[in-house]
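1. No letters, just coordinates:
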């Protein structure tokens, strides 16, 4: 009997109970009809663990005022992180999001008095989308490293913002504060907008051809290209969405604060990346979820809020956040190995 005549041996399915680690496909846990993977379950469990810790260490955390402040404060990072997730899924990174936040916020505040709130918001979001499309076009057409391109545009956009205004802007339009501070029942309009964006992003990534291609590009870009997908177009759309969401975050943020400063959004890209990583996203691309990122945003917001309530100094806060990010990366890496 020759080697070619021998029956092919197939590996037995790996017993998910062995190895001491749960893989993403063996959980089988469903919530509201959604099957949770391991990467999604970790940030959810972390979220509830933090709630327990918060209730234990301070009575002020669960007060109506503090919860309201927390839900308003996470909106900006929530929108930026969602855009960052879409870019990360392609295997890229967007370091310009903080500058785009400033662009959207300053432009919204600058034209609100004479264009009105709806038109000013549209102008701000359009400017952010354009900035993102430029990023995506340069990266995809010339096949340049996203880190270098967005690092460069981060400085360029910040410079444009300072050219537009070197002093803070505070519009007098009576509706300027409503976008970020007005409530619909107990919930702010900004939070409702953020949650609507997460639902839309989930539909886009899971139910549309472009969204599924976005995830697939991060996994194997050559295979996607050979399948006939327009890879440059898909990458450009991803960066355009990141710019759009960042500008929207900037508009909501300046509306809540009542003032727009050209220095707005500095280092916001770091918190956005942190929220994505805590939520289970892999910086190499191809893996991450909207639900995980949402809980990553809440987790990071609770950490910041709790440490402020406890009077922890800012440099200790950075230390704690860094440790949380490293722990999240280790969990994701361990999950990938399984």
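-> That came in fine, so what should we check first? All values reported here derive from a predicted model rather than from experimental measurement.

2. Could you check the pLDDT of residue 35?
-> Residue 35 is assigned a predicted lDDT (pLDDT) of 57.

3. Would you enumerate the residues in contact with the residue at minimal distance from the centre of the chain?
-> Closest to where the C-alpha atoms of the chain average out (C-alpha atoms, centre = their mean) is residue 81, at 1.3 Å. Going by C-beta atoms under 8 Å, 6 or more residues apart in numbering, residue 81 touches 271, 272, 275, 276, 279, 293, 296, 297. Just so you know, the C-beta spots here come from the backbone N, C-alpha and C atoms, and that holds for glycine as well.

4. Which residue ranges of the stretch 1-150 of the chain form strands?
-> For the stretch 1-150 of the chain, the strands defined by DSSP state E, counting those that start in this stretch cover 29-31, 34-36.

5. Also the stretch 151-300 of the chain?
-> Using DSSP E, counting those that start in this stretch, strands in the stretch 151-300 of the chain cover 183-184, 187-188.

6. Save the contacts of residue 81 as TSV, and put in pLDDT, distance to residue 65 and neighbour count too.
-> Below are these laid out as TSV (pLDDT from 0 to 100; distance: C-beta to C-beta, whole Å; neighbours: other C-beta atoms under 10 Å):
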residue	pLDDT	distance to residue 65	neighbour count
271	94	23	21
272	97	26	35
275	95	24	31
276	95	29	30
279	91	27	30
293	95	27	29
296	93	25	32
297	96	21	31
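
7. Switch those over to a markdown table; also include distance to residue 241.
-> Supplementary listing: the contacts of residue 81 in a markdown table, determined by distance: C-beta to C-beta, whole Å:
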| residue | distance to residue 241 |
| --- | --- |
| 271 | 19 |
| 272 | 13 |
| 275 | 16 |
| 276 | 14 |
| 279 | 17 |
| 293 | 14 |
| 296 | 18 |
| 297 | 17 |
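
8. In helices, which of those appear?
-> Counting by DSSP state H, the contacts of residue 81 place 271, 272, 275, 276, 293, 296, 297 in helices.

9. Closest to residue 128 out of the residues you listed?
-> Set against residue 128, the nearest of the ones in helices among the contacts of residue 81 by C-beta to C-beta is residue 272 (14.0 Å).

10. how close does the closest one sit to residue 259?
-> 22 Å (C-beta to C-beta, to the nearest Å).

11. And for residue 198?
-> Residue 198 is 27 Å from residue 259, by C-beta to C-beta.

12. just residue 76 next, same as before
-> 14 Å.

13. and what of residue 282?
-> Applying C-beta to C-beta, the value for residue 282 to residue 259 is 38 Å.

14. ok, the two, which is more surrounded?
-> Ranked by neighbour count (other C-beta atoms under 10 Å), residue 282 and residue 259 place residue 282 first, with 21 against 14.

15. Go ahead and confirm the more buried one touches residue 288.
-> Yes: counting by C-beta atoms under 8 Å, residue 282 touches residue 288, with 6.4 Å between them.

16. Quick check: neighbours shared by these two?
-> residue 88.

17. wait, residue 150 sits on residue 98?
-> No: Residue 150 lies out of contact with residue 98 (C-beta under 8 Å); the separation is 10.4 Å.

18. more crowded one of these two?
-> Higher neighbour count among residue 150 and residue 98: residue 150, with 28 against 25, using other C-beta under 10 Å.

19. what's around residue 203, how many residues?
-> 12.

20. one step back: check contacts around the residue nearest to the residue nearest to the centre of the chain when sequence neighbours are not counted.
-> Take residue 81 and drop its neighbours on the chain: the residue closest to it by C-beta to C-beta, 6 or more residues apart in numbering is residue 275, 4.0 Å away. Counting by C-beta under 8 Å, 6+ apart, residue 275 touches 77, 78, 81, 84, 293, 296, 297, 299, 300.

21. where's residue 275 relative to residue 116, distance?
-> Distance, residue 275 to residue 116, using C-beta to C-beta: 33 Å.

22. Residue 93 now?
-> In terms of C-beta to C-beta, residue 93 sits 36 Å off from residue 116.

23. Looking at these two now, which is surrounded by more residues?
-> Using other C-beta under 10 Å as the criterion, residue 93 and residue 116 rank with residue 93 on top: 22 against 13.

24. Can you verify my assumption that the more buried one contacts residue 273?
-> Yes: using C-beta under 8 Å as the test, residue 93 is close enough to residue 273 to be in contact (7.4 Å).

25. any shared contact partners between these two?
-> Common contacts of residue 93 and residue 273 (C-beta under 8 Å, 6+ apart): 84, 283.
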